[in-house]
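Student: only geometry, no sequence info:
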């Protein structure tokens with residue numbers, strides 16, 4: 001993934017107010033602009049996934065409140081417990097990770113201003129099952145070509161960390 005592609009995708013999520021098909025009346029089938037920003041939930045997903053290198057399933061269940069079936073984000077300590085409460089451990093490593101200060105500031109603001117419900121990534125107050133369709137839309141709006149999928153963000157974060165830290169292996173495995 002090109003270093004400039006993440007900001008373009010994020011900009012596409014927040015900058016596109018979206019269009020929708022009219023389903024009733026004499027204008028049936030026509031496209032109409034709306035001001036609902038339908039990809040806003042994907043912007044949060046992108047920020048959390050890119051900054052933490054977390055798989056999409058854990059990002060979609062990330063919550064500021066501990067609970068069954070949720071990945072818990074401890075906003076006081078700045079730690080993301082990626083393995084959902086009550087879930088059994090698999091071969092996919094999901095150790096707790098420190099949340100970078102910039103992302104932690106966003107997450108605290110979202111909670112303080114009641115911008116999130118029980119989960120950080122939700123749409124119209126409901127949990128998201130998959131970001132595949134929204135991710136494809138953002139990729140298209142950003143003008144990206146090739147295979148760009150949500151899992152790409154996990155490897156992108158790993159690449160960024162390795163380029164910033166000499167002892168990246170120790171940093172990646174740190175679980176306070």
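Tutor: Here it is on my side, so go on. Keep in mind it's a predicted model, so treat the numbers as computed, not measured.
Student: what strand or helix carries residue 106?
Tutor: Using DSSP states H and E, residue 106 sits in helix 101-112.
Student: quick one: mean pLDDT for that helix?
Tutor: The pLDDT scores in helix 101-112 average 94.
Student: partner strands of the very next helix or strand once past that helix and their direction?
Tutor: Once the chain leaves helix 101-112, the next helix or strand it forms, by DSSP H and E, is strand 122-123. When pairing is defined by DSSP bridges, strand 122-123 lines up against strand 126-127 (antiparallel).
Student: OK, contacts around the closest residue to residue 69 other than its chain neighbours?
Tutor: Setting aside the residues directly before and after it, residue 69 is nearest to residue 84 in space (Cβ to Cβ, 6 or more residues apart in numbering), at 5.4 Å. Where C-beta positions appear, they are placed from N, C-alpha and C, glycine not excepted. Contact analysis of residue 84 by Cβ atoms under 8 Å, 6 or more residues apart in numbering lists 58, 61, 69-71.
Student: number of nearby residues for residue 66?
Tutor: For residue 66, the neighbour count with other Cβ atoms under 10 Å is 12.
Student: contact partners for it?
Tutor: 72, 85.
Student: return the distance of it relative to residue 52.
Tutor: Plainly put, residue 66 is 18 Å away from residue 52 if you go by Cβ to Cβ, to the nearest Å.
Student: burial count for residue 117?
Tutor: By other Cβ under 10 Å, neighbour count at residue 117 equals 14.
Student: my error: substitute residue 104 in the last question.
Tutor: 18.
Student: which residue packs closest to it, ignoring adjacent ones?
Tutor: Of all residues apart from its sequence neighbours, residue 78 sits closest to residue 104 (Cβ to Cβ, 6+ apart), at 5.0 Å.
Student: list the contacts of the one you found.
Tutor: 98-99, 101, 104.
Student: quick one: buried ones out of those?
Tutor: Burial by neighbour count, 16 or more other Cβ atoms under 10 Å: within those this picks out 99, 104.
Student: if we can go back for a sec, what packs against the helix holding residue 106?
Tutor: When contacts are defined as 3 or more Cβ pairs under 8 Å, 6 or more residues apart in numbering; DSSP states H and E, helix 101-112 packs onto helix 40-52.
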